[in-house]
Structures are given as C-alpha cells and as structure tokens.
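Undergrad: Could you look at this predicted model? Sequence included:
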Amino acid sequence: MAYRHFEGKEQASSYWKHRFPPSDHLIQQLLDFVEKQKGGPYELAVDVGCGPGRGTALLAKHFASVVGLDVSPAQIEVALQRSKEPNITFRQSVAEELPFADSSVDLVTSMSAFHWFDRQRFLQEVHRVLKPRGCLALFGFHNDIELNYSNCCSHTLSQIIKEFCAALKAHRIAHIGPYHMNLYKEAYESIPYPGKEWHEHVLVKRTMTLFKIMRMMETYGDYQAVLSDDPQKATRLTQDVKQRLMSVMGVTSMETEVEVVTTYFYLVACKPQEV
C-alpha cells in the first residue's frame, strides 16, 4: 500500500517555503541522460508526488508540457497558486494509477517521494505510460546534513544534526525502513532496463540560515511522525538542537547563515525500444 503524508494545508505551505528541490546541476545530469538515451522531441514530462511543484518547475523549460501529480488536494492547491509557467498543469492523482495512456510520456520523475509509494505498482505504471526510449528518474536525499561555519568545527555541528536525526528515527514508519536510500537502490536493481544508472553520493551545497535549516528538517517525515506521536517531545528536540548549534557557533541569532551540504542519490533508467 502507499502511505499518505504532508496532506494538510499547513504542511503544504511549509513544504513550499522550506523544502528544496534537486539542484539545477542534478536536473542537468538527468537531462543529459535523457538526451543520451532518447533524444528529442521532449513533449511530456510527469512529476509524481510533486508536492507544491518546486521540482516540477525545473522541468518546464525543457519539455513542451509538464504535469505535476500529487495525492494531496492541499499540495495541488499550493502548486496551482505558486505556478507561473504556462506549460505546467497540476492534477490530483495517486502514484499507482497514472492518468496517462500507454506509451505516452517521455519522462517520469519523482523527487523525494518514491519511498512513500506502493513501489512495485508504481514501477509497473511507469513502464506502461513511458514511450519506447522514455526515461524514469527517482531522486532522494539523506536527512543527515553537514554544516560548515567559519572558525567553527564542522564535525561538531554535523554531529548535532546526526544525533537529532537519530532521535527521529525511532518514530519512522516501518514501510520506509531504517535507510530509505535502500528502497531506491532496490528499485534500481529490480528495473529490467539495460540502460540505467545509479548515483549514490552527489553533494549539493547551499547557504541557509539556522532558522531555515530547522524549518526544513521539521518537514521531514520522521519529524512529522514525532510531532504526531508526541508534540512535546518534538518541541524539546528542536529547542535542544537550536541551543546546541548556537552555542557551538558562538552566536545568538537563528538568522545566522551557514553552508549546508546535502547528499543526494538518484537513479535514471530508459525503457527499451519495443520491437
């Protein structure tokens, strides 16, 4: 079965404000794979589990038409409010029943949502809707992040984040397991296409305030599970990590900027040309 999360209006708004899509560099690596395996024309791309559509927007300038799908009406509502690209549409849909004809889609993506799906059914649907030589791309990232701040021990800061994430894991839904990257790697190994690639350690650097970092981590599924099970514990965990980070850095403001290094992983695969 699929698991449904981030469906309320507050979560959808927070997702838009504080979650980041894959970087332009990662999207370009995907497009390079599509060009190598398929080439043009680039007619239709579908982003499944699109949330508020920030990742969906990255595809708009490369495809004639882009469709973002999400099971949550609230996420679709935010996506429609925020979308500016005329060639993007958003529709409510489950991942396991894609609303497209057989062999009609050039690219299917899912950016940090695949682990919530009924994965086998989703991959079967992807195979059905992809055109011959059409491509699939699944992105994910590790919750643990590395923090770098001038004149400060990066290892200590990153260890604080690691301990915070470890405390959240006790509330993780069994459907995902202890390391959600394994679900993506298992999918890669199960896909029978000869043209496919697995990338496990892609670093993306951004500059963010401590406030933004904490709000981003509060969008994680693990944190949302703690918030649902024990709101007081969730508050204690965030207050503790904020105080520890500021103490180590020697600052008093959560608006202090630091470099954030996120580790992404992804798979890309090309459906073979049918005889």
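TA: Received it, and whenever you're ready, just let me know what you need.
Undergrad: can you give me the helices in the chain?
TA: With helices called from DSSP state H, the chain shows them at 9-18, 24-37, 54-57, 73-82, 119-129, 154-169, 181-190, 210-217, 221-229, 231-249.
Undergrad: so can I have JSON lines of these showing distance to Glu97 and mean neighbour count?
TA: C-beta: built from backbone N, CA, C; applies to glycine. Output for the helices of the chain, formatted as JSON lines (distance: least, CB to CB, whole Å; neighbours: other CB atoms under 10 Å):
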{"stretch": "helix 9-18", "distance to Glu97": "22", "mean neighbour count": "17"}
{"stretch": "helix 24-37", "distance to Glu97": "24", "mean neighbour count": "16"}
{"stretch": "helix 54-57", "distance to Glu97": "19", "mean neighbour count": "23"}
{"stretch": "helix 73-82", "distance to Glu97": "16", "mean neighbour count": "19"}
{"stretch": "helix 119-129", "distance to Glu97": "7", "mean neighbour count": "18"}
{"stretch": "helix 154-169", "distance to Glu97": "31", "mean neighbour count": "17"}
{"stretch": "helix 181-190", "distance to Glu97": "18", "mean neighbour count": "16"}
{"stretch": "helix 210-217", "distance to Glu97": "31", "mean neighbour count": "20"}
{"stretch": "helix 221-229", "distance to Glu97": "22", "mean neighbour count": "18"}
{"stretch": "helix 231-249", "distance to Glu97": "34", "mean neighbour count": "15"}
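Undergrad: mind checking which of those helices is nearest Phe100?
TA: helix 119-129 (4.5 Å; CB to CB).
Undergrad: Which other helices and strands does the closest one contact?
TA: Contacts defined by 3 or more CB pairs under 8 Å, 6 or more residues apart in numbering; DSSP states H and E place helix 119-129 against strand 105-111, helix 181-190.
Undergrad: closest one to Leu136 among those?
TA: Closest to Leu136 of the helices and strands packed on helix 119-129 is strand 105-111 (CB to CB; 5.0 Å).
Undergrad: In JSON lines, list the helices and strands packed on helix 119-129 along with mean pLDDT and distance to Gln159.
TA: Formatted as JSON lines, the helices and strands packed on helix 119-129 follow (pLDDT from 0 to 100; distance: least, CB to CB, whole Å):
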{"stretch": "strand 105-111", "mean pLDDT": "97", "distance to Gln159": "28"}
{"stretch": "helix 181-190", "mean pLDDT": "94", "distance to Gln159": "20"}
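Undergrad: could I get those as TSV with distance to Arg236?
TA: Output for these, formatted as TSV (distance: least, CB to CB, whole Å):
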stretch	distance to Arg236
strand 105-111	31
helix 181-190	28
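Undergrad: hmm, back to that, for Val67, find the nearest of the helices of the chain.
TA: Of all those, helix 54-57 comes closest under CB to CB, at 8.2 Å.
Undergrad: quick one: that closest one to chain centroid distance?
TA: Put simply, helix 54-57 sits 11 Å off its chain's centre (CA atoms, centre = their mean, to the nearest Å).
Undergrad: what do you get for stretch 89-108?
TA: So, by CA atoms, centre = their mean, the centroid of stretch 89-108 is 18 Å from its chain's centroid.
Undergrad: which parts of that stretch are buried?
TA: 90, 93-96, 98, 100, 105-108 (16 or more other CB atoms under 10 Å).
Undergrad: Pull the most distant pair out of those.
TA: Among these, Val94 and Asp106 lie farthest apart (CB to CB), at 21.4 Å.
Undergrad: For Arg91, which non-adjacent residue is closest in space?
TA: Leu69 (5.6 Å; CB to CB, 6 or more residues apart in numbering).
Undergrad: residues in contact with that neighbour?
TA: Leu69 makes contact with 46-50, 90-93, 95, 98-99, according to CB atoms under 8 Å, 6 or more residues apart in numbering.
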